[in-house]
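Participant: What follows is a predicted protein model with its sequence.
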Amino acid sequence: MPAVSKGDGMRGLAVFISDIRNCKSKEAEVKRINKELANIRSKFKGDKALDGYSKKKYVCKLLFIFLLGHDIDFGHMEAVNLLSSNKYTEKQIGYLFISVLVNSNSDLISLINNGIKNDLASRNPTFMNLALHCIANVGSREMAEAFASQIPSILVAGDTMDSVKQSAALCLLRLNRTSPDLVPMGEWTARVVHLLNDQHLGVVTAATSLITTLAQKSPEDFRTSISLAVARLSRIVTSASIDLQDYTYYFVAAPWLSVKLLRLLQCYPPPEDAALRSRLTECLETILNKAQEPPKSKKVQHSNAKNAVLFEAIALIIHHDSEPTLLVRACNQLGQFLQHRETNLRYLALESMCTLASSEFSHEAVKTHIDTVINALKTERDVSVRQRAVDLLYAMCDRSNSKQIVAEMLSYLENADYSIREEIVLKVAILAEKYAVDYTWYVDTILNLIRIAGDHVSEEVWYRVIQIVINQDDVQGYAAKTVFEALQAPACHENLLKVGGYILGEFGNLIAGDPRSSPLVQFNLLHSKFHLCSVPTRALLLSAYIKFINLFPEVKPTIQDVLRSDSQLRNADVELQQRAIEYLRLSCIASTDILATVLEEMPPFPERESSILAKLKKKKGPGKVPDMDEARWNVNGNTEHSENTEPTNKSSPPSLVADLLPTNRPRPASYSPTILSAGNMAPSHPFTDLLNMNSSPATGANLLVDVLSDLSSPAPAPTTGPGPTDVCEEHFSRFVCKNNGVIFENQLLQIGLKSEYRQNLGRIYVFYGNKTSSQFLSFSSSVTSSDTLKTHILPLLRLLLTDLSVLKGILCLNVHTMPVDPTVEGGAQLQQILNIECLSDFSDTPVLNVEFRYGGTLQNIAVKLPVMLNKFFQPTEMTSEDFFQRWKQLGVPQQEVQTIFKAQHPMDTDVTNAKILGFGVALLSEVDPNPANFVGAGVIHTKNTQVGCLLRLEPNPQAEMYRLTLRTSRESVSQRLCDLLSEQF
């Protein structure tokens with residue numbers, strides 16, 4: 001409320017407020033308010049016209065009554081009339097009443113708009129501010145239609161006062177949020193960017209908020225803001241607090257503007273200009289350095305402002321994910337906050353470190369804080385902080401610490417809050433599977449999980465156990481023995497009974513040789529719990545019984561007696577009754593051979609996305625599950641081992657599908673061990689019905705037809721929409737030395753990649769993020785090879801039909817794409833898996849084509865996939881003697897390629913080390929006589945051959961030059977690798 005003073009003369013308002021405060025009861029207050037409302041109503045309806053002062057006084061009383069919680073149904077027109085007054089106090093009360101009481105759909109909006117239009121045209125800064133505030137507060141669509149085109153011109157006009165510029169920027173920001181389609185993009189967008197250079201920091205702060213929002217909608221229109229934002233940020237962080245006295249908050253210079261500038265920079269990738277990038281890096285380093293300085297004040301406001309800037313700077317470092325030194329420093333700074341006495345700081349540190357853990361550069365640094373995080377999990381009082389600790393443990397987990405982290409999560413699970421138990425169960429199940437080198441540990445972990453939190457173990461978890469045990473021959477006997485022992489407990493959870501019934505029904509014969517687990521003992525153990533479980537579990541146990549008849553003919557009479565009993569044949573549940581009748585009839589009339597065929601052992605399950613991971617994504621929401629987990633996720637229970645693991649057969653490594661489906665087990669008739677047909681395979685079996693995982697079996701298509709179908713069949717042309725799409729290569733070079741990141745982004749779609757390679761095989765997880773609030777329809781994606789492959793293959797079709805071996809000399813890459821959902825919800829993320837096999841060395845890279853409909857318009861996007869030759873490197877460790885001996889062997893001039901080039905980035909040793917390791921070779925120390933040089937070795941694996949590679953990088957810091965020398969056993973490989981690596985420095 002405006003202050004009441006003698007100058008205002010609103011004594012009647014002061015008396016009314018005093019009367020209200022002196023009321024002894026609610027009834028007395030209502031009585032006094034009703035009396036005042038009657039008096040005001042009579043004054044407004046009276047014959048005598050009220051002057052501006054009286055209108056102002058009565059409108060103020062109505063506003064006060066409304067703020068007390070009473071409805072006001074009159075006085076709106078009088079408030080609108082106050083807008084035409086030339087007195088500031090009367091106009092202010094009119095605008096205040098309208099902002100608080102007038103609905104955005106009110107019939108008075110047109111009258112209000114006329115008053116606002118007059119004030120905006122008056123060029124009186126005070127009146128213009130009042131009008132702009134009213135537009136921002138009401139924010140109706142009608143107001144947006146009336147003023148959205150006028151406000152930008154006020155904002156960028158040269159004669160507009162600073163206070164009006166601030167109001168105009170914030171008003172435009174409000175309209176853009178309520179009616180974004182009505183805010184026009186025009187010439188003013190280029191001019192508004194230059195407000196970042198304004199002398200008045202209030203204008204800069206308001207303009208930064210506006211530009212950040214607009215840049216998220218149209219990033220290209222505001223790309224020039226990057227350099228201006230970096231320049232302004234640099235001036236702020238390098239200035240002393242006395243330089244910005246009016247905008248220094250508890251010894252922190254312009255903290256809120258710094259936060260906004262850092263947030264604006266997060267709308268864009270790292271600057272490509274080396275000087276600008278270096279200046280931004282200096283700013284971020286300065287912010288990190290200031291965080292280490294002793295506090296200049298003990299007041300909480302000082303630490304809050306300082307930490308706000310620090311956390312936003314760390315968020316920008318994580319967003320760029322390109323400076324290893326900054327990422328590690330940010331991780332160390334966050335590590336100090338993990339033991340801070342302030343709960344909010346501990347929460348924010350854990351949350352930021354979750355994101356840092358997904359970066360290749362800072363993952364190891366995050367792991368050093370594992371003991372502190374585990375201690376937080378045990379001692380924190382706040383459940384939200386404990387949940388963030390669980391998230392961080394999940395994100396930092398890898399093979400080196402998986403057993404420790406899983407054990408700690410299981411220990412915490414026994415006393416965890418019920419609200420987060422299911423999420424912890426899912427994460428334990430995922431980690432146990434992903435990092436299980438020894439699957440006996442995996443089985444023990446999941447059974448322990450069911451024992452501790454059986455009520456929170458969803459069907460997806462025990463489904464997954466079944467899939468993995470069936471797909472892993474070496475664990476089946478152990479799993480049968482372990483579940484048999486677990487079922488002997490007096491009380492066991494029903495989920496354990498489901499797992500036990502399924503596994504014993506399939507693999508009970510593997511432990512039947514022990515008298516303690518004979519077939520009859522197994523059956524009696526399962527049947528003793530039959531009457532204690534639910535109908536679905538009883539149905540599964542009946543299926544296990546009929547499996548027993550096939551495995552153990554000696555128990556056939558006993559099981560037939562159970563199936564023949566009235567409790568089964570006349571069961572009230574139709575499903576149980578039908579199963580009992582059909583299984584009994586099958587066991588009586590079928591011969592041994594037919595019975596063995598119908599009830600044969602389950603074939604391996606096909607490759608599919610983990611249902612556990614899908615459930616965790618759904619529970620956490622789009623984008624909430626750390627991406628690193630999906631990157632290292634092998635979806636059929638066969639986790640990838642460490643990169644240094646040597647295969648037993650180097651000349652012909654097994655395909656991905658052969659890894660997932662063991663070769664010493666019976667196969668479905670349609671099985672084909674090629675990546676091209678892997679997505680079509682699925683077993684069909686009675687037990688599969690129980691798991692709800694049926695899919696149609698493959699048709700056993702001819703391999704040649706599969707290979708040629710993608711290459712020879714032209715893609716259907718869209719009936720409407722844009723023509724040929726330019727291939728986007730903007731972020732391609734960033735992926736030469738890294739496997740994870742965003743490869744494409746516009747205002748509609750973000751495409752992220754997570755890749756993993758092992759010898760000549762690769763897998764890319766493509767994540768399509770819908771940045772809009774609307775659906776993408778008819779969404780599809782495909783990968784096309786270069787035109788040269790097609791032109792080579794089609795003329796040789798006749799030759800290939802007679803001699804398939806010719807194919808090896810033509811195809812360089814074999815790329816198989818998994819299907820995607822045709823609909824992508826607004827704000828959701830979709831995952832697609834690409835399986836890649838390198839057949840021979842190559843230079844051209846495949847192109848990812850994405851097509852979908854948005855707002856009725858067909859969108860076509862083509863992105864160059866970062867599948868380069870160096871991705872198929874296997875690092876090779878060498879001694880100095882071995883290296884130079886091999887170097888001399890590769891001395892033929894055609895085998896060596898050398899280039900001298902100017903450094904494009906700062907010559908930092910740690911960054912160079914990281915890039916060479918990211919390139920795929922082993923970095924050899926103490927090999928080169930000059931310790932400043934970098935030496936590497938590796939072997940490129942293709943299906944047809946292996947190509948050894950040695951490299952030597954010689955930096956000259958004084959001249960800011962590099963000399964790169966590569967020697968390989970194949971000339972084309974040397975040149976291609978040299979071109980790729982030289983662009984990174």
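Facilitator: Yep, it's here.

Participant: Any figure for the gap between Phe552 and Ala121?
Facilitator: The gap separating Phe552 from Ala121 is 95 Å, by C-beta to C-beta, to the nearest Å. Just so you know, the C-beta spots here come from the backbone N, C-alpha and C atoms, and that holds for glycine as well.

Participant: higher neighbour count, those two?
Facilitator: Neighbour comparison, Phe552 and Ala121: the larger count goes to Phe552, with 19 against 12 (by other C-beta atoms under 10 Å).

Participant: Please name the residues that touch Ala330.
Facilitator: For Ala330, the contacting residues are Leu288, Ala313, Ile314, Ile317, Ile318, Ser352, Leu356, Ser362, by C-beta atoms under 8 Å, 6 or more residues apart in numbering.

Participant: Look at it and give its secondary structure.
Facilitator: Classification of Ala330 using DSSP: H, G, I helix; E, B strand; the rest coil returns helix.

Participant: Please name the residues that touch the nearest residue in space to Met161 that is not next to it in sequence.
Facilitator: The shortest distance from Met161 to any non-neighbouring residue, by C-beta to C-beta, 6 or more residues apart in numbering, is to Pro125 (4.6 Å). Taking C-beta under 8 Å, 6+ apart, we find Pro125 in contact with Met161, Ser163, Val164.

Participant: With respect to Glu408, which of those is nearest?
Facilitator: The nearest member of the contacts of Pro125 to Glu408, counting by C-beta to C-beta, is Ser163 at 56.3 Å.

Participant: What mean pLDDT does stretch 425-441 get?
Facilitator: Throughout stretch 425-441, pLDDT has a mean value of 86.

Participant: That stretch: how far from the chain's middle?
Facilitator: Remark: stretch 425-441 is offset 22 Å from the chain centroid, using C-alpha atoms, centre = their mean, to the nearest Å.

Participant: That stretch: end-to-end distance?
Facilitator: With C-alpha to C-alpha, to the nearest Å as the measure, stretch 425-441 spans 16 Å from end to end.

Participant: now stretch 817-835
Facilitator: The stretch stretch 817-835 measures 6 Å between its terminal residues, going by C-alpha to C-alpha.

Participant: Distance from it to the middle of the chain?
Facilitator: What separates the centre of stretch 817-835 from the centre of its chain is 13 Å, taken as C-alpha atoms, centre = their mean.

Participant: buried set for it?
Facilitator: Across stretch 817-835, burial judged by 16 or more other C-beta atoms under 10 Å covers Thr817, Met818, Val820, Val824, Ala828, Gln829, Leu830, Gln831, Gln832, Ile833, Leu834, Asn835.

Participant: Equivalent analysis for stretch 889-901, please.
Facilitator: Leu890, Gln895, Glu896, Val897.

Participant: ok, the second one to Pro270 distance?
Facilitator: Using C-beta to C-beta, one obtains 36 Å as the distance from Gln895 to Pro270.

Participant: Trp441: which of the contacts of Pro125 is nearest?
Facilitator: For the contacts of Pro125, the minimum distance to Trp441 (C-beta to C-beta) is 67.2 Å, reached by Ser163.

Participant: which residues touch Ser258?
Facilitator: Ser258 sits next to Leu233, Ile236, Val237, Val309, Glu312 when contact means C-beta under 8 Å, 6+ apart.

Participant: Quick one: classify it as helix, strand or coil.
Facilitator: Going by three-state DSSP, the secondary structure assigned to Ser258 is helix.

Participant: and it, how far is that from His340?
Facilitator: According to C-beta to C-beta, Ser258 and His340 sit 21 Å apart.

Participant: what are the ranges of the strands in the stretch 851-985 of the chain?
Facilitator: Assigned by DSSP state E, counting those that start in this stretch, the stretch 851-985 of the chain shows strands spanning 857-864, 873-875, 896-902, 922-924, 934-941, 946-956, 961-968.

Participant: could I get the last one in PDB with only the CA atoms?
Facilitator: What follows is strand 961-968 as a C-alpha-only set of coordinates in PDB (Å, rounded to 0.1, in the frame of the first residue of the first chain):
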ATOM      1  CA  MET A 961      53.300 -24.800 -33.400                       C
ATOM      2  CA  TYR A 962      52.900 -28.600 -33.500                       C
ATOM      3  CA  ARG A 963      54.600 -31.300 -35.600                       C
ATOM      4  CA  LEU A 964      52.500 -34.500 -35.900                       C
ATOM      5  CA  THR A 965      54.000 -37.700 -37.400                       C
ATOM      6  CA  LEU A 966      52.000 -40.900 -37.900                       C
ATOM      7  CA  ARG A 967      53.300 -44.200 -39.200                       C
ATOM      8  CA  THR A 968      50.900 -47.000 -40.000                       C
END
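
Participant: List the buried residues for it?
Facilitator: Tyr962, Leu964, Thr965, Leu966, Arg967, Thr968.

Participant: Can you tell me what sits against that strand?
Facilitator: Contact with strand 961-968 is made by 887, 890-891, 895-903, 940, 947-956, 974, 977-978, 981-982, 985, as judged by C-beta under 8 Å, 6+ apart.

Participant: could you redo the last one with a cut-off of 7 Å?
Facilitator: Contact with strand 961-968 is made by 887, 890, 895-903, 947-955, 974, 977-978, 981-982, 985, as judged by C-beta atoms under 7 Å, 6 or more residues apart in numbering.

Participant: farthest pair in the buried residues of stretch 889-901?
Facilitator: Across those, the longest distance by C-beta to C-beta is 11.1 Å; it joins Leu890 and Val897.

Participant: Just the contacts of Ala330: which are in strands?
Facilitator: Under the assignment DSSP state E, the contacts of Ala330 contribute nothing to strands.

Participant: Would you mind reformatting the residues you listed (as JSON lines) and adding columns for pLDDT while you're at it?
Facilitator: Shown next, in JSON lines, are those (pLDDT from 0 to 100):
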{"residue": "Leu288", "pLDDT": "91"}
{"residue": "Ala313", "pLDDT": "93"}
{"residue": "Ile314", "pLDDT": "93"}
{"residue": "Ile317", "pLDDT": "92"}
{"residue": "Ile318", "pLDDT": "90"}
{"residue": "Ser352", "pLDDT": "91"}
{"residue": "Leu356", "pLDDT": "88"}
{"residue": "Ser362", "pLDDT": "85"}
